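> how would this look folded up:
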Amino acid sequence: LPRARRAPAMSRHRNVRNAVYDDDYDDYYDDDYDDDDYPPAAAATSTSKAGGAKGKGKSGTSTGGTSNSGSGGAPPGLSAKSGGSSSGVAGASGAASSAAAASGGKRAPPPGLASAATGAQSSAPQTSAAAQQSAKRRPEEGAAPPVNPAAVTAAAASSKTAAAAGGAKPKAAAAANPSATPAAAAGASSKATGKGGAPGVSSASKSLRESIAQDVAAMGLDADSGSLDDAVALPTQMSSGSGISDNPLLPQTSSDKASRGQKRLEELKAEFEKHQATAKHVLNLVVIGHVDAGKSTLMGHLLLKNGDVSQRQMHKNETESRKIGKGSFMYSWVLDETEEERSRGVTIDIAHANFETKTKRVVLLDAPGHRDFIPNMITGASVADVAVLVVSATRGEFETGLEFGGQTREHALLARSLGIHQMVVAVNKMDTVSWSQERFNEIQANLHRHLKQIGFKDQAVTYVPCSGFLGENLTEGCAKAEAAWYKGPTLISVIDSLEPPSRGVNDPMRFVISDVFKEVGAGLSVSGKLLTGFIQLGDRVLLAPGNERAVVKSIDGCTPDKPWIAAGDSSSLTLVDVDPNHLSVGCVLCDPQVPVLVAKRIKAQILVFDVEVPITNGYSVICHQLQRNDPAIIRKLLSQIDKASGEVVKERPRCLTKNTAALVEMEFERPCCLDLYRNNKDLGRFMLRFQGKTVAAGIVLEKLS
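Okay, the predicted model is just below:
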């Protein structure tokens, strides 16, 4: 912060420097100033010459006027600062008073500030009657004597003549104009002499500096020499336009903020690339599959063998599971932590865990397999990069999951529709079939046909035999003789070989909230995934759809060397200056300069799955998009299109049957945060469900309202 901003405020008045930051000059006035002592400035008529034409008016567009300490109700001494800056500056307060009267009798801004904003642009000083009357009313407060416009003009002319003759000193200008104020004469002289005077130290600057110092002292504030130098340079910079973007006294323009933001963004990109060259890449992995396929047991044992679970915790899980007669659940309890999940023996909500491989830092998302909790599975898969599809090698269990209505089939379809392109098929429970190679090949052949139909490429799918309960072929190869036929990699080696997708670090910041909680002593916190862009400490973010602003106070996992997170990272943020009533799961934190779209009616392209009832106009569905589940209605069926080429097959179809693609208009029950699919694929995808079944997948093409 600037040095004067750090000075302790010994008075209720603000520092002179701080007042420059305020866009509303009325905030400058405090309760210590009485309205009766400082009445609104009266309307004044100003006359200006531009190109030889004369005009009169009451607006504040005139560039001249007489500056007096009493005009507009300003504290004493501010007029001296404006008067000594340059020739013609003294007239700014008169124009400001005229503008105030024209705007409804509001009090004019302090003359020192008004002169900095407008008076420095004056080419010929003019007289404001309202300013002179205000000065006569308060002569006891050190107001400067009235300025003679003719004298000031003569001072400027004589100074220019002296400069042309070899340079003139400020004293010459003052002697030639005895009726002008010393500040105005010195300002005219210094403007004329240019380099003829002492470098950076003119009599006008000295006068202005002394006046500012007196005002600051009268307010009970402190200001060092550097702060006073900045204040002295302010009127000159505003008149010439030089150094304005670098002066801390001036409010920065939108172009200045944009340039600084772009510069900081480039620095963050350079830091990100440097960090990526040495650090492990982040990989978001979701585990899916049919219920009772052994997903939680498999991943819990993997975490144990990888050293991410302590022996003490495993001993506790084993003891407690045996007490209720479920000793085989000790590995699944690593991820299933709630009492309901442990008592029912099924995963209900998304479980989170982290582990590292040789080259990856993996964020594990364990999804439920029961059909009643498909919405939770969609939530986890929507923020994942890759998937592990767990199937059971036990005869009968695999066939149940793959047949119509099985979760193996539906989970694979949902994962592909949500943008997952890489998949690892973990053939679990191989110990129940004695590591039969024939059974493994049978499962691989059946899954290959199904996965190819829904869009997975052959090279993007890897099959790994394993045993989750025994921990075989997870981190080390199976030593059993029955498994000698398998020469492939282990499960953790295959996960390590997966390639993370490209991150949208060049796109505007989008952070989707998955949980809202309050930590003791930390304040309100949110957790979620950063889809695109960067977030760093101290950033101001916009909360949508509530349109609330907040400040990022802290970021979980950040260090002094890396006070930011990039696209693809999952983290927790502590927010301040935000209303907690507007925070909810599914909201999006975005860049205030480039906010996320908030829509209630959209145009979308959908692909219909196996449906029992055709989709018609007015079809009610539940739209699942990232962390949100919102009721929606398909208002219009615009056209039926070809799934491969996208060409229109039929206009205004009456209904949509299974395995068809169409363009439709959808309306949500409440505004939703989304984006066009071509701009942001994560925010542009959604799933449609009806009566507990997934009926279609879609992408956003256009926002209608």
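> hmm, who's touching stretch 412-419?
Taking C-beta atoms under 8 Å, 6 or more residues apart in numbering as the criterion, the residues outside stretch 412-419 that touch it are 286, 288, 374, 377-378, 381-382, 384, 387, 389, 423, 450-451, 454-456, 607, 609, 681-682, 685, 687, 694, 697. For glycine as for every other residue, the C-beta is placed from the backbone atoms N, C-alpha and C.
> Output that stretch as PDB - backbone C-alpha positions only.
Written as PDB, here are the backbone C-alpha positions of stretch 412-419 (Å, rounded to 0.1, in the frame of the first residue of the first chain):
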ATOM      1  CA  ALA A 412     -20.300 -46.900 -19.000                       C
ATOM      2  CA  LEU A 413     -22.800 -45.000 -21.100                       C
ATOM      3  CA  LEU A 414     -23.000 -42.100 -18.600                       C
ATOM      4  CA  ALA A 415     -19.200 -41.900 -18.300                       C
ATOM      5  CA  ARG A 416     -18.900 -41.600 -22.100                       C
ATOM      6  CA  SER A 417     -21.700 -39.000 -22.300                       C
ATOM      7  CA  LEU A 418     -20.000 -36.900 -19.700                       C
ATOM      8  CA  GLY A 419     -16.800 -36.600 -21.700                       C
END
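> Identify each buried residue in that stretch, please.
Within stretch 412-419, the residues that count as buried by 16 or more other C-beta atoms under 10 Å are Ala412, Leu413, Leu414, Ala415, Arg416, Ser417, Leu418.
> pLDDT on that stretch, on average?
Stretch 412-419 shows a mean pLDDT of 92 in the predicted model.
> Okay, and which of the contacts of stretch 412-419 map to strands?
By the criterion of DSSP state E, membership of those in strands covers Val286, Ile288, Ala387, Leu389, Met423, Leu607, Arg685, Met687, Thr694, Ala697.
> Using TSV, please lay out these together with pLDDT and distance to Arg395.
What follows is the ones in strands among the contacts of stretch 412-419, written out as TSV (pLDDT from 0 to 100; distance: C-beta to C-beta, whole Å):
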residue	pLDDT	distance to Arg395
Val286	95	27
Ile288	95	22
Ala387	96	25
Leu389	96	19
Met423	95	23
Leu607	94	34
Arg685	93	36
Met687	94	32
Thr694	91	28
Ala697	94	32
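> Which of those ranks first by neighbour count?
The most crowded member of the ones in strands among the contacts of stretch 412-419, judged by other C-beta atoms under 10 Å, is Ala387 (30 neighbours).
> quick one: which helix or strand includes Val541?
Assigned by DSSP states H and E, Val541 belongs to strand 540-544.
> can you check Leu701 too?
Leu701 is part of strand 693-703 when elements are defined by DSSP H and E.
> do the same with Asp215
Secondary structure assignment for Asp215, by DSSP H and E: helix 203-218.
> which residues touch the closest residue to Val526 other than its chain neighbours?
Spatial nearest neighbour of Val526, excluding adjacent residues (C-beta to C-beta, 6 or more residues apart in numbering): Ile513 at 4.7 Å. Contact analysis of Ile513 by C-beta under 8 Å, 6+ apart lists Val526, Ser527, Gly528, Leu583, Ser584, Val585, Gly586, Cys587, Val588, Leu589, Gln627.
> Which of those sits closest to Arg503?
Proximity of those to Arg503 was ranked by C-beta to C-beta; the top entry is Gly528 with 15.8 Å.
> Just the pLDDT at the closest one, thanks.
On pLDDT, Gly528 comes in at 91.
> so where does it fall, helix or strand?
Element membership of Gly528, judged by DSSP H and E, is strand 523-532.
> Equivalent analysis for Cys673, please.
Taking DSSP H and E as the criterion, the element that holds Cys673 is strand 661-674.
> Give the pairing partners of that strand; include direction for each.
The strands beside strand 661-674 in its sheet (DSSP bridges) come out as strand 597-608 (antiparallel), strand 628-641 (antiparallel).
> which of the ones you listed is buried the deepest?
strand 597-608 (a mean of 20; mean count of other C-beta atoms under 10 Å).
> could I have that strand exported to PDB, CA atoms only?
What follows is strand 597-608 as a C-alpha-only set of coordinates in PDB (Å, rounded to 0.1, in the frame of the first residue of the first chain):
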ATOM      1  CA  LEU A 597     -23.900 -17.600 -18.300                       C
ATOM      2  CA  VAL A 598     -27.000 -17.800 -16.200                       C
ATOM      3  CA  ALA A 599     -30.000 -19.000 -18.300                       C
ATOM      4  CA  LYS A 600     -33.500 -20.300 -17.700                       C
ATOM      5  CA  ARG A 601     -34.300 -21.200 -21.300                       C
ATOM      6  CA  ILE A 602     -31.800 -22.800 -23.800                       C
ATOM      7  CA  LYS A 603     -31.500 -24.400 -27.200                       C
ATOM      8  CA  ALA A 604     -29.800 -27.800 -26.900                       C
ATOM      9  CA  GLN A 605     -28.900 -30.900 -28.900                       C
ATOM     10  CA  ILE A 606     -29.900 -34.200 -27.200                       C
ATOM     11  CA  LEU A 607     -29.300 -37.900 -27.900                       C
ATOM     12  CA  VAL A 608     -32.100 -40.100 -26.700                       C
END
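> and that strand with strand 540-544, angle?
Using axes from the mean of the first three to the mean of the last three C-alpha atoms, to 10 degrees, one finds that strand 597-608 and strand 540-544 are set 50 degrees apart in direction.
> So which elements touch the helix or strand following strand 597-608?
Towards the C-terminus, the helix or strand next in line after strand 597-608, according to DSSP H and E, is strand 619-625. The criterion is 3 or more C-beta pairs under 8 Å, 6 or more residues apart in numbering; DSSP states H and E, and the helices and strands that strand 619-625 contacts are helix 374-381, strand 628-641, strand 661-674, strand 685-690.
> Quick one: closest of these to Lys263.
The closest of these to Lys263 is strand 661-674. By C-beta to C-beta, the value is 28.6 Å.
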